[in-house]
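In: can't give you the sequence, but here's the structure:
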């Protein structure tokens, strides 16, 4: 092997030396390819693994933590859920439609390979600003790709989030979350157990698409990125739907021992991981692998990332029961090898051995790096630019509020989510646009609330505190639905970990997530790490995305919108505190002052927990007619959003006159929730019992929006004046030419 | 009485229709596999929403060749009740059981949202329990739901009182706001919006239930 060949496989000289040492010889070309994908950052987590160990992973509800295709949580009545989030960032930049579509396809397979039927999908998206035509093309492609795949597959896309920042210009983020349900006795694992059992390939035929996708996802982009387009897979959601039904039906036969999807690193990853988990060997002959192209080499077959394929191990002698099910669904199913007792992945091509590597060396012996980390890179100063805050600019509340409501991060995302089928399966009690999505489980009489949250701006200013704020907000969203947060998954999107200041962002974020998830009792059951999100040396901001799931009773959900005029509006958690420094990461500073500095808002986790407990108690007692949490844009934006329901019920509120009005209205201190109620006294009693502030700030009123500060009227307008720009902003941004 | 829900490869609202009829309406319901050679003892057939055969070629274009559609055609010819929802409507049109065509939405994008509809006729076994002019809220979820037909067909549909429901806020560009139509015998209906997603009190609207109730009433009367 020449150094060039080793380098083009993304392997460091030291990594190659380790391969030689493990094998006791030089690898051949196919073996080198196999090692290169399994030891890629994407598959091996070699830069993050030692830090991921810091995350809490257990609770009495966790049936399966990290390490399997997805984590599993007990939801009672003999049922469980499997869920995970995964990124498809790199492919979505190169080919937005297929990149995003196969991202959804991949995470769905992770769920149903465990035996669970997917019942919900959410997506966290990040793009560069829409004034650049390329970013408009990327968002159009990504959204239609997600819609194409999820809609056809028949899983509702029930929520998500979408944020625009310069740092995502060359690196859009597409993180897809999926959740599925099954009974405890229907859980399957990716283990190749039982020496002599047949190894069966099912689903789509293997082609040359996606070869080296995992390695591509483990490197920075250069000018040549577009040449990587053939590395992006092509998805067929119809085939995946058939695969889902066939797999679940085949599992019912009792003949299946283990099953794993072929995702990143395809046949390579599924064979060696299943063998490694079971402590067995796997021997296959590539001549049996269904192929849709001729003349494919063993290297290409082993590294292909063709979609909609699964590998399963069945009980010897019961193959026909499995084949019968796949035939019914019109899918290929062939025995390509068997489980052996020697722990080795042995790949043959028409009988001749072309690769022979111990499974453990591939799956568990990848190098682990404790990469040096210094202080996190800070893209902004600590103090505001001189004069910016006190330069005599008179804040004009109404125009500022309208500007915020029509900014990309805050405006209605209806244009996106109306393209997603969010109501198929008739379980979506609260869909996109809500604080948390709520999906009913028909079988148990309970429901699940789920939310995705991320905030790269906060994390850029302080990765540790930013990460904690994200966990807090995600849990707050669930609490606003009345759900108790129980478990989490995370997607860690970062730049090049070989740069110590980027590695520091990763480490600090993980530690922040660990601390907050421990505190809020939401263990991490799995997730994904996406590094090298850099183009031409420009890294994205640290962007951890949290997906948290909560449990609740099934019933009419508490809406986020005001429903009736004349109700009391109470601000659970109070007006909160801020100062010049803690304003620097807010949407107000981003949109109105076009700047960024300082620190994210300060979080008191203990207080946050009490606020969340309060809202859950209020909802359980039927005292909250609406509930909506404060986040981007602070109090004023939350009040406006609460007023944007179909009933067109607005608000008349008063804020304290001490301090700067724009701070009070737009600061983003956490631990705050707006509720409307017809029983304010009882609400205040429960708030006092939980030792939180709960000022009664005003009343709901038909069609108008009014904010008073002492004797001064800051805003007094028709709701439509606010709602119309909020409702139409995204489309206007997309259709500019 | 018994309802049958046809399952094509790629159907994904089959379970929703099954649940609406079996749980929300409370009538016995069974699934019928796409290569079935008989409809068994079902009294009404529902072609559910989804992406039958991946919607390859055109929505519903492959499904019309499936074995089950040959017997559904016969069942319809003998007066049996057939309701096609969303993809089911597309299949009925492709099969020639209903006139016109369903093409790409005017906005060129998939659209999922609640829509307001107006009942245009109660003279059908699918709408008899509604009142003429009644406003119904049902969601749509489709990429190819724009109903088109030539002038003469449209005029004929109107003249024969075969436009069953119209959109009040047309989401897809359908000609004359048509959301659902009947065949000449009035025993086959295609409907783009989803009554199956608006039959459960937790789904925001139970207006779709009137369609299934009407069918049940017709089946009772026929017995």
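Out: In hand now; what should we look at? Only a predicted model underlies this, so the values are computations on that prediction, with no experimental measurement involved. Residues are numbered from 1 along each chain as shown, chains lettered A, B, ... in the order given.
In: report all helices and strands that the lengthiest helix in chain B contacts.
Out: The longest helix of chain B (DSSP state H) is helix B:209-222. Under the contact definition 3 or more CB pairs under 8 Å, 6 or more residues apart in numbering or on different chains; DSSP states H and E, helix B:209-222 sits against strand B:81-85. All C-beta spots, glycine's among them, are computed from the backbone N, C-alpha and C.
In: quick revisit: tilt between the longest helix of chain B and strand B:81-85?
Out: 170 degrees (axes from the mean of the first three to the mean of the last three CA atoms, to 10 degrees).
In: could I get the buried residue list for helix B:209-222?
Out: Judged by neighbour count using 16 or more other CB atoms under 10 Å in any protein chain shown, the buried positions of helix B:209-222 are B:209, B:210, B:211, B:212, B:213, B:214, B:215, B:216, B:218, B:219.
In: and the contacts of that helix?
Out: With CB atoms under 8 Å, 6 or more residues apart in numbering or on different chains as the test, helix B:209-222 has contacts from B:1, B:3, B:20-21, B:24-25, B:27, B:43-44, B:81, B:83, B:124-130, B:134, B:136, B:191, B:195, B:198-199.
In: how close does residue A:663 get to chain B?
Out: Distance, residue A:663 to chain B, using CB to the nearest CB, to the nearest Å: 38 Å.
In: may I see the buried residues of the strand or helix carrying residue A:399?
Out: Element membership of residue A:399, judged by DSSP states H and E, is helix A:397-405. For helix A:397-405, burial by neighbour count (16+ other CB under 10 Å) applies to A:397, A:400, A:401, A:402, A:403, A:404, A:405.
In: quick one: which of the residues you listed is nearest chain B?
Out: Nearest to chain B among the buried residues of helix A:397-405, counting by CB to the nearest CB, is residue A:405 at 21.3 Å.
In: OK, contacts around that closest one?
Out: Neighbours of residue A:405 in contact, by CB under 8 Å, 6+ apart: A:411, A:633, A:637, A:640, A:722, A:725, A:726, A:729.
In: tell me what the helix or strand hosting the last one is packed against?
Out: When you say that, I think you mean residue A:729. Assigned by DSSP H and E, residue A:729 belongs to helix A:719-734. Judged by 3+ CB pairs under 8 Å, 6+ apart, the packing partners of helix A:719-734 are helix A:133-153, helix A:397-405, helix A:414-417, helix A:634-642, strand A:704-709.
In: contact partners of the strand or helix carrying residue A:21?
Out: Taking DSSP H and E as the definition, residue A:21 sits inside helix A:13-23. For helix A:13-23, the surrounding residues in contact (CB under 8 Å, 6+ apart) are A:1, A:3, A:6, A:11, A:26-27, A:31-32, A:35, A:39, A:357-358, A:361, A:365, A:367.
In: could you do stretch A:723-732 as well?
Out: A:402, A:405-408, A:410-416, A:640, A:643-644.
In: tell me the residues of chain B that contact chain A?
Out: Along chain B, the residues adjacent to chain A under the rule CB under 8 Å from any CB of the partner chain are B:9-10, B:12-13, B:15-16, B:19-20, B:49-51, B:53-56, B:109-113, B:139, B:141, B:143, B:194, B:196-197, B:200, B:202-203.
In: any of the residues you listed buried? List them.
Out: The buried subset of those - by 16+ other CB under 10 Å - is B:9-10, B:12-13, B:15-16, B:19-20, B:49-51, B:53-55, B:109-112, B:139, B:141, B:143, B:194, B:196-197, B:200, B:202-203.
In: what segments of chain B are strands?
Out: Secondary structure of chain B (DSSP state E): strands at B:3-7, B:29-33, B:44-47, B:81-85, B:101-103, B:111-119, B:135-142, B:146-148, B:163-167, B:178-182, B:188-191.
In: okay, these in TSV with mean pLDDT next?
Out: Converted to TSV, the strands of chain B look like this (pLDDT from 0 to 100):
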stretch	mean pLDDT
strand B:3-7	98
strand B:29-33	98
strand B:44-47	98
strand B:81-85	98
strand B:101-103	98
strand B:111-119	98
strand B:135-142	98
strand B:146-148	98
strand B:163-167	98
strand B:178-182	98
strand B:188-191	98
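In: which one, of the ones you listed, ends up nearest to residue A:648?
Out: Nearest to residue A:648 among the strands of chain B is strand B:111-119; the distance by CB to CB comes to 16.5 Å.
In: how much space between the closest residue to residue A:381 other than its chain neighbours and residue A:589?
Out: The shortest distance from residue A:381 to any non-neighbouring residue, by CB to CB, 6 or more residues apart in numbering or on different chains, is to residue A:597 (5.0 Å). To residue A:589, residue A:597 is 7 Å away according to CB to CB, to the nearest Å.
In: now residue A:128. Its backbone dihedrals?
Out: phi -70, psi 170 (degrees, to the nearest 10).
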